[in-house]
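Undergrad: turn this into a structure:
(one chain, ligands or ions: 2)
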Amino acid sequence: MTNRNTQNQKQDGPSPKLLHKLINSTGVQIGIGICAALLLWACCRLAIPMKNTSTPAPSPTPTASEQKMPQAKITPVGFETTKLASNASPGNTPEGMAWIPGGTFSMGCLDPRGIPYGGDKPMTDARPIHSVTVGGFWIDTTEVTNEQFKNFVEATEYVTIAEIPPRPEDFPGAPPENLVAGSIVFTPPDRPVPLSNHLQWWAYVPGANWRHPLGPESTIEGKENFPVVHVAFEDAIAYAKWAGKRLPTEAEWEFASRGGITGNVYPWGNEFRPNGKWMANTWQGQFPMQNTAEDGFAGIAPVRQYPPNKYGLHDVSGNVWEWCADWYRPDTYQKQKNGESSTVNPTGPETSFDPQEPGVEKRIQRGGSFLCTDQYCSRYILGTRGKGEVSSGCNHIGFRCVQDMQ
Ligand SMILES: [Ca+2]
Ligand SMILES: [Ca+2]
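TA: Ligands and ions are numbered 1, 2, ... in the order given. Okay, the predicted model is just below:
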């Protein structure tokens, strides 16, 4: 039976620290406790609580400040020209997927500090930039949607981690009233707060799950084409297996997100807003209290609301984070650069380690979310890396799948 600690038991690791902090705290409805483990979510993986809107993205009218803003002149130092493999699409494209030919590319990102919308984080775990080769594969052109996930659940009667009450034996000392099924939801304060304390904008909400993204009173009715959220890593794995697919490796995800182009900052180029146009669902306004939704969406956007990359992939930057198959370590790239681990179809390290939260098992997440902003986390930038505790979902974490050529 699936339970909150299944994945950890398989890995013989500790219980998830985040859930312990949340559930062992008094008053699970408030953001207390969420945070220490939110470091896991390094920056942007904050959830999305705001009202989802189907309002289309506004027309691109640059403001005076936008027009005056100097655009980044990016020199992709350290990036070698991407060499695409010659294997053409094998045909019979699976519905909703795109063929990625594979090839050899430079993986990682430059220090984004100092470029417009680059934020203040050095992103050291995404360096050194190094050469990696991946084979061809199919990849979903969008994040997995509520409709797709619903089809999976109806076919299999699968129950997600967030729908299962935490077991007392897994959370010793927790007040019984706190052992209720739920998930983590972004809950913005009504005033400016220091960005050093995540506790102020996260909450463990009983009854929050993929069917009720913001809590029991919320619904996905009418949001069939929104990305599914509140999926833990093993939930995503279960869906992928049912669909005859798998999660992408981190290298595959980055290769696909770059669209065959060398060293760009964003999937669409090197300007965050070319001609003033919003190209991804991120955060505008003062984080976390004010979301002005200038890009058209205060919360999650339906898939395909922004232009795709060169491979036809939507929302590889922003909207919701996307699980990848690899364990997270900050030294993965250095080991690959040193020749200590493979750079041909790499599958990541054998174990997880995050110095910010030793002992917490984390997998890679990519692309940032609608909560990303250069005030806090700019992981909408290509090549940046995220990470998440494996049994924790959130209302800004989803996934997309890949499929191998038969
Ligand atoms: Ca937005
Ligand atoms: Ca995304």
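
Undergrad: give me the low-pLDDT residue ranges for the protein?
TA: Across the chain, the ranges flagged by pLDDT under 70 are 1-73.

Undergrad: tell me the residues of it that contact ligand 2?
TA: Residues of the chain lying close to ligand 2 (C-beta under 5 Å from the ion) are 315, 319, 367. Using the backbone N, CA and C atoms, a C-beta is placed for each residue, glycine as well.

Undergrad: just those: which are in strands?
TA: Nothing among these maps onto strands, per DSSP state E.

Undergrad: at the geometric centre of the protein, which residue do we find?
TA: Trp321 (1.6 Å; C-alpha atoms, centre = their mean).

Undergrad: re earlier: now the buried members of the residues of the chain next to ligand 2.
TA: 315, 319, 367 (16 or more other C-beta atoms under 10 Å).

Undergrad: wait, the last one touches Ile381, no?
TA: This means Gly367. No - using C-beta atoms under 8 Å, Gly367 is not in contact with Ile381, being 9.7 Å away.

Undergrad: can you check which residues contact both of these two?
TA: Jointly contacting Gly367 and Ile381 under the rule C-beta atoms under 8 Å, 6 or more residues apart in numbering are Ser317.

Undergrad: thinking again about what came up before, redo the buried ones among the residues of the chain next to ligand 2 as a markdown table? Include distance to ligand 1.
TA: Converted to a markdown table, those look like this (distance: C-beta to the ion, whole Å):
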| residue | distance to ligand 1 |
| --- | --- |
| Asp315 | 11 |
| Asn319 | 8 |
| Gly367 | 14 |
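
Undergrad: between those residues, which is closest to Pro216?
TA: Asn319 (23.9 Å; C-beta to C-beta).

Undergrad: ramachandran angles for the closest one?
TA: Backbone torsions of Asn319, given as degrees, to the nearest 10, read phi 70, psi -90.

Undergrad: relative to Asp125, how far out is it?
TA: With distances taken as C-beta to C-beta, to the nearest Å, Asn319 is found 22 Å from Asp125.

Undergrad: now do Gly296
TA: 31 Å.

Undergrad: other residues contacting the longest strand seen in the chain?
TA: Taking DSSP E as the criterion, the chain has its longest strand at strand 321-327. With C-beta under 8 Å, 6+ apart as the test, strand 321-327 has contacts from 44-45, 143, 231, 233, 236, 246-250, 253, 316, 332, 346-352, 361-369, 386, 388, 394, 396-400.

Undergrad: need the CA coordinates for it. CSV is fine.
TA: Only the C-alpha atoms of strand 321-327 are listed here, as CSV (Å, rounded to 0.1, in the frame of the first residue of the first chain):
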residue,chain,number,x,y,z
TRP,A,321,8.0,22.6,-11.3
GLU,A,322,8.6,19.3,-13.0
TRP,A,323,10.0,16.2,-11.3
CYS,A,324,13.0,14.5,-12.9
ALA,A,325,14.3,11.0,-12.2
ASP,A,326,17.7,11.8,-10.7
TRP,A,327,18.7,12.1,-7.1
